[in-house]
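**Student:** Kindly generate the corresponding structure for this input.
(chains A and B)
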There are 2 protein chains.
Amino acid sequence: MNHAVILAGGGGTRLWPASRRSHPKQLLPLAANGETLLAATWRRIEGLFDRRWVVTAASQAEGVAQAIPELEIGRLLAEPEPRNTAAAVGLAAVYAIAGNRDSVLGVLPADHAIADEGAFRDVVARALRLAAEGHIVTIGIKPTHAETGFGWIEPGPAVAYGASSVARFVEKPDRAAAESYLTRGFLWNGGMFFFRADRILDEIRRQLPALAEGLDEIGRAHAGGGAAEVIARIYPRLPSISIDHGVMEGAAGMVTVPGDFGWSDVGSWAALADLRGADAAGNVTLGRAVLLDARDNLVSVDPGGLVALVGVSGLVVVRAGDAVLVLPRERAQEVRDIVKRLEAEGLDAYL
Amino acid sequence: MNHAVILAGGGGTRLWPASRRSHPKQLLPLAANGETLLAATWRRIEGLFDRRWVVTAASQAEGVAQAIPELEIGRLLAEPEPRNTAAAVGLAAVYAIAGNRDSVLGVLPADHAIADEGAFRDVVARALRLAAEGHIVTIGIKPTHAETGFGWIEPGPAVAYGASSVARFVEKPDRAAAESYLTRGFLWNGGMFFFRADRILDEIRRQLPALAEGLDEIGRAHAGGGAAEVIARIYPRLPSISIDHGVMEGAAGMVTVPGDFGWSDVGSWAALADLRGADAAGNVTLGRAVLLDARDNLVSVDPGGLVALVGVSGLVVVRAGDAVLVLPRERAQEVRDIVKRLEAEGLDAYL
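**Tutor:** Below you'll find the model as predicted:
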């Protein structure tokens, strides 16, 4: 039985002020057709999995339920507090395996954009076959440039279904290393993993025994009829580490299926602009804007709002709720400096 | 008896999006001490006049009353619809003269900023004396630069109290003419006039007979106990012309008192920026803003809002209600093009 595990617990502020701690990127209508990224993630795997789970923060459960009206309440796993992705994946594995010992899981971030859904579905289908055969599988995104903001994967010898073994995972590189990886055929780690539930729980037991112990207790409670109370007590004390660092980098027999399907992590306003069609003047506009003699700007405006630009170029201008952001497109990463400043000045209400 | 007539009927959008049709500049807290421009206009003439009237649009009467809590209801003259300043001044003259045949009026726009209130009060006191002696008096603002956006006054021979006769009024000049006026000692026409009520009504009768006829009818109704109904019927049909063009330019025996008191018509976001102290990086900030590596910007943010800038310079960035404006400071006049575009696109709700 195939289970999709959609990780929707992120609380990033890289798209601040549209994304807020309580209303993160996956709940924003940033998909090309106006869906939320979460709803698009849910929809595009329709039919590939027998069950679809969503793991999210308790504080975002309501937003998740609104974004996916058809999500059954029992498939919404709410973390009392975020403990990073290893715990989230482990929790989902415990729930999946309870229904079927042979469960295969596909872990999918909720906040990515994918342009070519057919190509994506083909890659997922192959990854599921490899996972059913016992591999731990990661999708290796075909890189388009020497990105320093992602982890990379060095592929090894070919396996089957177009997959290769993983020679190694490499951390976010510097510019020179990224250039070298690009020419040597390395792939981006897009955080999409596939494996049998028992296989991942064995790896967690081997590499993260404290997490395994907590998951065992949750599993026993779940088998006994209800784990809510145990989760509320135990989950906040689970080790907080990513599935990438905590499990994948140390796992044996990893394979990667290369994927080339117009992927983006929508990791900045500039990345979002790259996803959208620009008008003749190079402007990308989301929402209501009036642009006069303005070129190559990205403007994002929330419903009911209006942004007017005259004579500016290359800017990101965002109006969202009570806040406005203005910065040059090539400095879009510096939103994080704004976030840090707001934290430092006690203006968390705007985050 | 001296009457101040504060003209607060303007519905300008030069400070859009902070100023809106229903909430114009005079009702914005733009005075240096955080007062509205209207309240500052009211306060700074305290003691110079026996009575203070405010003429405004009916749609702004509530905002005016809020801005000046001490304004008696009988001194608030609400125009059923705006008919420009000649009608507004005529209406006030009719009301003033009903109380006292020898009334002297001082007409003051509600939406200007004045830095040196002592100097201003001295000029007003002299203007009132000249008006009581039968002159029609205009304050001639000592120019600071070759402004093409104002009308200018050419002073003639000296009269008394530091005043000169007015040789002529000149329309908004081109750049070369403005440069010439600056060197030749011309003054700016700041739209502040002083005269006996009977004198101005005579001039209106001579130059604008249709307006005089309407005012006569309003005067009779007012003497009869109540003019509200007559005003509602007649006022919308009065000729719509400014007091400058309709009366002053054709009036005999005009004099001007030169004034040098840090005057500004706050006619653009750039003008507002010039009024305020900038921080070490040249930024002028009204409201809550976070500025990183940002220079020489003007940021205006409404209460509760936040504007964050990174790495931009020389911009005007305004967040007000549902709208945001971004444009270079030196192009601040082009707000009017935004306003025109919003009108053309049927987006008047934002105006």
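
**Student:** just checking, residue A:187 touches residue A:141?
**Tutor:** Yes - the criterion here is C-beta atoms under 8 Å, and residue A:187 meets it with residue A:141 at 5.9 Å. Where C-beta positions appear, they are placed from N, C-alpha and C, glycine not excepted.

**Student:** My reading is that residue A:309 lies in a helix. Confirm?
**Tutor:** No - looking at residue A:309 with DSSP: H, G, I helix; E, B strand; the rest coil, it is strand, so not inside a helix.

**Student:** That one - nearest residue in space that isn't next to it in sequence?
**Tutor:** residue A:294 (4.3 Å; C-beta to C-beta, 6 or more residues apart in numbering or on different chains).

**Student:** where's the residue in the stretch 51-200 of chain A that chain B sits nearest to, which helix or strand?
**Tutor:** Nearest to chain B, among the residues of the stretch 51-200 of chain A, is residue A:149, at 17.8 Å (C-beta to the nearest C-beta). Here residue A:149 is covered by no helix or strand, with elements defined by DSSP states H and E.

**Student:** Give me the more crowded residue out of residue A:187 and residue A:141.
**Tutor:** residue A:141 (27 against 24; other C-beta atoms under 10 Å in any protein chain shown).

**Student:** Report the separation between the more buried one and residue A:267.
**Tutor:** 13 Å (C-beta to C-beta, to the nearest Å).

**Student:** list the helices and strands the strand or helix carrying residue A:118 packs on?
**Tutor:** Secondary structure from DSSP H and E places residue A:118 in helix A:117-132. With contacts taken as 3 or more C-beta pairs under 8 Å, 6 or more residues apart in numbering or on different chains; DSSP states H and E, helix A:117-132 sits against helix A:37-44, strand A:104-109, strand A:136-141, strand A:187-196, strand A:254-259.

**Student:** Now do the SS call for the closest residue to residue A:230 other than its chain neighbours.
**Tutor:** In this structure, residue A:230 finds its nearest non-sequential neighbour in residue A:221, 3.9 Å apart by C-beta to C-beta, 6+ apart. Three-state call for residue A:221 (three-state DSSP): helix.

**Student:** quick one: residue A:221 and residue A:233 touch, right?
**Tutor:** No - the pair residue A:221 / residue A:233 is not scored as a contact, 9.7 Å apart, by C-beta under 8 Å.

**Student:** Between those two, which is the more surrounded one?
**Tutor:** A direct count of neighbours by other C-beta under 10 Å for residue A:221 and residue A:233 places residue A:221 higher, at 18 against 14.

**Student:** got the residues of chain A near chain B?
**Tutor:** A:17, A:288, A:290, A:292, A:301, A:304-312, A:315, A:317, A:319, A:322-328, A:331, A:334-335, A:337-338, A:341-342, A:345, A:347, A:350 (C-beta under 8 Å from any C-beta of the partner chain).

**Student:** Inside helices: which ones of those residues?
**Tutor:** Among the residues of chain A next to chain B, the residues falling in helices (DSSP state H) are A:335, A:337, A:338, A:341, A:342.

**Student:** Among those residues, name the buried ones.
**Tutor:** A:335, A:337, A:338, A:342 (16 or more other C-beta atoms under 10 Å in any protein chain shown).

**Student:** from those, which is closest to residue B:183?
**Tutor:** residue A:338 (48.0 Å; C-beta to C-beta).

**Student:** Hmm, residue B:306 and the closest one touching each other?
**Tutor:** No - counting by C-beta under 8 Å, residue A:338 sits too far from residue B:306 to count as a contact (9.6 Å).

**Student:** what sits in contact with each of the two?
**Tutor:** Shared contacts of residue A:338 and residue B:306, defined by C-beta atoms under 8 Å, 6 or more residues apart in numbering or on different chains, comprise residue B:290.

**Student:** Show me the beta-bridge partners of the spatially most central residue of chain A.
**Tutor:** Central residue of chain A (C-alpha atoms, centre = their mean): residue A:109, 2.9 Å from the mean position. Beta bridges link residue A:109 to residue A:7, judged by DSSP bridges.

**Student:** got the end-to-end distance for stretch A:51-68?
**Tutor:** End-to-end distance for stretch A:51-68: 14 Å, by C-alpha to C-alpha, to the nearest Å.

**Student:** any idea of the mean pLDDT in that stretch?
**Tutor:** Mean pLDDT, computed over stretch A:51-68, is 95.

**Student:** Backbone dihedrals for residue A:27, please?
**Tutor:** Per-residue torsions, residue A:27: phi -100, psi 0 (degrees, to the nearest 10).

**Student:** Am I right that it is in contact with residue A:36?
**Tutor:** Yes - between residue A:27 and residue A:36 a contact is recorded at 5.5 Å, counting by C-beta under 8 Å.
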